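> My questions are about this predicted structure, shown below with the sequence.
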There are 2 protein chains.
Amino acid sequence: MIDLPDTASPLYEKVKDYILTNIGTGRWGKDRKLPSENELVASLGVSRMTVHRALRELTSAGFLIRLQGVGTFIAPPRPQSTLIEINNIAAEIVERGNSHRSEVLVLETMMPTKELALSFEFAKRVSIYHSVVVNFENDLPVQLEERFVNPGLIPDYDKQDFTKTATYDYLMQKTPVTEVEHIISAIPADKEAAQHLGIDVGSCCLLLHRRTWTGAIVATISKLTYAGSRYSLGSRYSPSKAS
Amino acid sequence: MIDLPDTASPLYEKVKDYILTNIGTGRWGKDRKLPSENELVASLGVSRMTVHRALRELTSAGFLIRLQGVGTFIAPPRPQSTLIEINNIAAEIVERGNSHRSEVLVLETMMPTKELALSFEFAKRVSIYHSVVVNFENDLPVQLEERFVNPGLIPDYDKQDFTKTATYDYLMQKTPVTEVEHIISAIPADKEAAQHLGIDVGSCCLLLHRRTWTGAIVATISKLTYAGSRYSLGSRYSPSKAS
DNA sequence: CAGTGGTCTAGACCACGAA
DNA sequence: TCGTGGTCTAGACCACTGG
């Protein structure tokens, strides 16, 4: 039986510290396999729920990997991925010291096409909100923004004045986003985009496709078209953490 | 008594979805106060541990704020920015179940142009490493990767076999990246890109410009050109899983 | 004081992987 | 089949807040 320190912190925190210390000193370093939950229960004299919580939190923090039916292992060094930050376009333009203005071309309810209904993962056909807005930087159109919005989550979307509040701001205020999907591609401008952005048909555009979720429900689907010559998505990012 | 959906997901996930949906639809929006744990236990017909776990996870994800002795509240809206994850292209291709191969076109030391030296923030003119690699997905060229590498940080870059190890992997291994800058734009393919990617001159390409830092020193500068019709940068990201 | 969230337990059933 | 982790419950005690 191993004694945990007699401090004021919760038991599961002590268990976490105990495990992290043993990882650090390499005690389980041989095959990187930890004792099973039941073994920890026996050796530490705490309940399984407490051990489990400690292991679960260390797993979600990236220190451990758990496989049902197999065991718990020390996670390999962190995966190599890089994050890009995408900002609200209105805020971004203002931050650069330029003036932002938007024109609302469409704001309506509509029946989704079959493809859209599929993207929303709707079981039934229900009507959705649809908006098309052009965003200007110093009176030059830089982004054409087409949005489809789930009325179940954001009921009054069609009654807003989006020349005053940016669509993005309004949506973020109204519903928490739990997941975001982005797809970025480069496409030639079609007739509509060319017209609204004031560029030639066929010239290069950035297309940013975005879906957002609230819980298991698709909240919004957006198609953001940027005039390629006038706009770049940029970001500088510091992978902060460790602990 | 409220019915939770009859899906395969764990109960606490259903409770989380239920709560997020109710936040989204503004049911508790008045004073932003949620029902107490015991009220949720009663109305959902699950145990308090399960409700508590759902609330705890939503709290650590930043959606809720809990005060002992007071109650649970909806957190104020989070800062409005969205992150896109950019993965190592080789890993990404393999993960999709396709085959990856690369051809090294150039691997040399060179004197930087004035512009490059400026980007590296060099005080003096020193030579740097330069590589050009084409990445193939199922024998179709999808990315042209031009890299400039600071020899002070990565001494033996020019002696590696980048058909075996991806440049990205090698660099991540050799030096810790503390900061990354990305700029994404859409450009028409120039002659060189068109030739190596096997596309027409002038067709749309995604251009990803990247600089990485180790501390205050610029480690690498990369120019990644993607054939627009063949490749999209995509990602699905959960804010809840970060930080 | 009553009500809130925070923690902890003992015991149970399940899905999965390996022998 | 057995051991693993994943989930869930009922009940308990605690610390904290407010009236």
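Ah, there it is.

> Please make it C-alpha for all contacts and neighbour counts, starting now.
Noted.

> Apart from its neighbours in sequence, what residue is nearest the most centrally placed residue in chain A?
By C-alpha atoms, centre = their mean, chain A has its centre lying nearest to A:V180, at 3.7 Å. The shortest distance from A:V180 to any non-neighbouring residue, by C-alpha to C-alpha, 6 or more residues apart in numbering or on different chains, is to A:T212 (4.5 Å).

> Whichever strand or helix holds that neighbour - what's its average pLDDT?
Secondary-structure assignment from DSSP states H and E places A:T212 in strand A:204-214. In this model, strand A:204-214 has a mean pLDDT of 92.

> now stretch A:90-109
Per-residue pLDDT over stretch A:90-109 has a mean of 92.

> that older thread, what distance do you get for the residue nearest to A:V180 to A:F122?
The spacing between A:T212 and A:F122, counted by C-alpha to C-alpha, to the nearest Å, is 14 Å.

> Neighbour count for these two, which is higher?
Taking other C-alpha atoms under 10 Å in any protein chain shown, A:T212 and A:F122 do not tie; A:T212 has more neighbours (23 against 15).

> Next, count neighbours for the residue of chain A found nearest DNA strand D.
Nearest to DNA strand D in chain A, going by C-alpha to the nearest atom of the strand, is A:G69, at a distance of 2.9 Å. By the measure other C-alpha under 10 Å, the count of residues near A:G69 is 6.

> of all the residues in chain A, which ones are close to DNA strand D?
Counting by C-alpha under 7 Å from any atom of the strand, the positions of chain A adjacent to DNA strand D are A:34-39, A:49, A:52, A:56, A:66-72.

> Return the subset of those lying in strands.
A:66-67, A:71-72 (DSSP state E).

> orientation of the strand holding A:T212 relative to strand B:204-214 in degrees?
70 degrees (axes from the mean of the first three to the mean of the last three C-alpha atoms, to 10 degrees).

> Give the buried residues for strand A:204-214.
A:204-214 (16 or more other C-alpha atoms under 10 Å in any protein chain shown).

> which residues of chain A fall in strands?
Counting by DSSP E, the strands of chain A are A:64-67, A:71-74, A:81-87, A:100-110, A:128-137, A:140-149, A:179-188, A:204-214, A:217-227, A:233-237.

> can you pull the pLDDT of the closest residue to A:I183 other than its chain neighbours?
In this structure, A:I183 finds its nearest non-sequential neighbour in B:G234, 4.1 Å apart by C-alpha to C-alpha, 6+ apart. B:G234 carries a pLDDT value of 75.

> which residues sit in contact with B:G234?
Applying C-alpha atoms under 8 Å, 6 or more residues apart in numbering or on different chains to B:G234 gives the contacts A:181-184, B:84-86.

> Could you do A:P5 as well?
A:P5 touches A:K14, counting by C-alpha under 8 Å, 6+ apart.

> and it, how far is that from A:H130?
59 Å.

> per-domain residue ranges of chain A.
A:11-74, A:89-227 (automatic domain parsing).

> Relative to B:N22, which of those domains is closest?
domain A:89-227 (8.8 Å; C-alpha to C-alpha).

> rewinding a little: how close does the residue of chain A closest to DNA strand D sit to chain B?
Per C-alpha to the nearest C-alpha, to the nearest Å, A:G69 is found 18 Å from chain B.

> Return the backbone torsion pair for that residue.
Note on A:G69: its backbone torsions stand at phi 80, psi -10 [degrees, to the nearest 10].

> On the pLDDT front, check it for me.
pLDDT, read off for A:G69, is 94.

> thought A:I221 was touching A:I183?
No. Distance between A:I221 and A:I183: 11.5 Å, which falls outside the contact criterion (C-alpha atoms under 8 Å).

> list residues touching both of those two?
Counting by C-alpha under 8 Å, 6+ apart, the residues touching both A:I221 and A:I183 are A:209-210.

> Compare those two (neighbour count), which wins?
When neighbours are counted by other C-alpha under 10 Å, A:I221 and A:I183 differ, and A:I221 comes out ahead with 22 against 17.

> How about the contacts made by that one?
A:120, A:147-149, A:209-212.

> before we move on, what about A:I183?
A:207-210, B:232-235.

> near DNA strand C, which residues of chain A show up?
Counting by C-alpha under 7 Å from any atom of the strand, chain A sits next to DNA strand C at A:9-13, A:45-50, A:67-70.

> can you do 6 Å?
A:10-12, A:46-47, A:49-50, A:68-70 (C-alpha under 6 Å from any atom of the strand).

> so A:D190 makes contact with A:G202?
Yes. A:D190 sits in contact with A:G202 when judged by C-alpha under 8 Å, with a separation of 6.4 Å.

> just to revisit the earlier point, which of the contacts of A:I183 lies at the shortest distance from DNA strand C?
B:S235 (25.3 Å).

> The closest one pairs with what?
A:H182 (DSSP bridges).

> Could you tell me which strands sit next to the strand holding A:T212 in the sheet, and their orientation?
strand A:179-188 (antiparallel), strand A:217-227 (antiparallel).

> Give me the angle between that strand and strand A:140-149.
30 degrees.

> before we move on, the earlier item: I'd like the ones in strands among the residues of chain A next to DNA strand D laid out as CSV, including distance to B:A194 and neighbour count.
CSV is the format used below for those (distance: C-alpha to C-alpha, whole Å; neighbours: other C-alpha atoms under 10 Å in any protein chain shown):
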residue, distance to B:A194, neighbour count
A:R66, 46, 16
A:L67, 46, 8
A:G71, 50, 13
A:T72, 49, 19
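
> Nearest residue to A:G45 in space, ignoring adjacent ones along the chain?
Nearest to A:G45 is A:M1, by C-alpha to C-alpha, 6+ apart, at 6.9 Å.

> right, and A:T214 touches B:I19 too?
No. Using C-alpha under 8 Å, A:T214 makes no contact with B:I19, being 10.1 Å away.

> how much space between A:G26 and chain B?
A:G26 is 22 Å from chain B, by C-alpha to the nearest C-alpha.

> What number of residues are in the vicinity of that residue?
Neighbour number of A:G26 under other C-alpha under 10 Å is 11.

> what's near enough to touch it?
Neighbours of A:G26 in contact, by C-alpha under 8 Å, 6+ apart: none.

> ok, and the closest non-adjacent residue to A:E108?
Closest to A:E108 by C-alpha to C-alpha, 6+ apart is A:H130, at 5.4 Å.

> Surely the residue nearest to A:V180 touches A:A219?
Yes. A:T212 is within contact range of A:A219, at 5.5 Å (criterion: C-alpha under 8 Å).

> before we move on, the earlier item: got the ones in strands among the residues of chain A next to DNA strand D as a markdown table, with distance to B:Q195 columns?
What follows is these, written out as a markdown table (distance: C-alpha to C-alpha, whole Å):
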| residue | distance to B:Q195 |
| --- | --- |
| A:R66 | 47 |
| A:L67 | 47 |
| A:G71 | 51 |
| A:T72 | 49 |
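
> Out of those residues, the closest to B:Y168 would be?
A:R66 (27.8 Å).

> Skipping its backbone neighbours, what lies nearest that closest one in space?
Here the residue nearest A:R66, using C-alpha to C-alpha, 6+ apart, is A:T72, at 4.4 Å.

> hang on, the one you found packs against A:S36?
Yes. Shown here, A:T72 and A:S36 form a contact pair, counting by C-alpha under 8 Å, at 7.0 Å.

> follow-up on the earlier one: separation between the residue nearest to A:I183 and A:Y226?
17 Å.

> what does A:A61 give?
36 Å.

> and what of A:I199?
11 Å.

> Kind regards, and thank you for your time.
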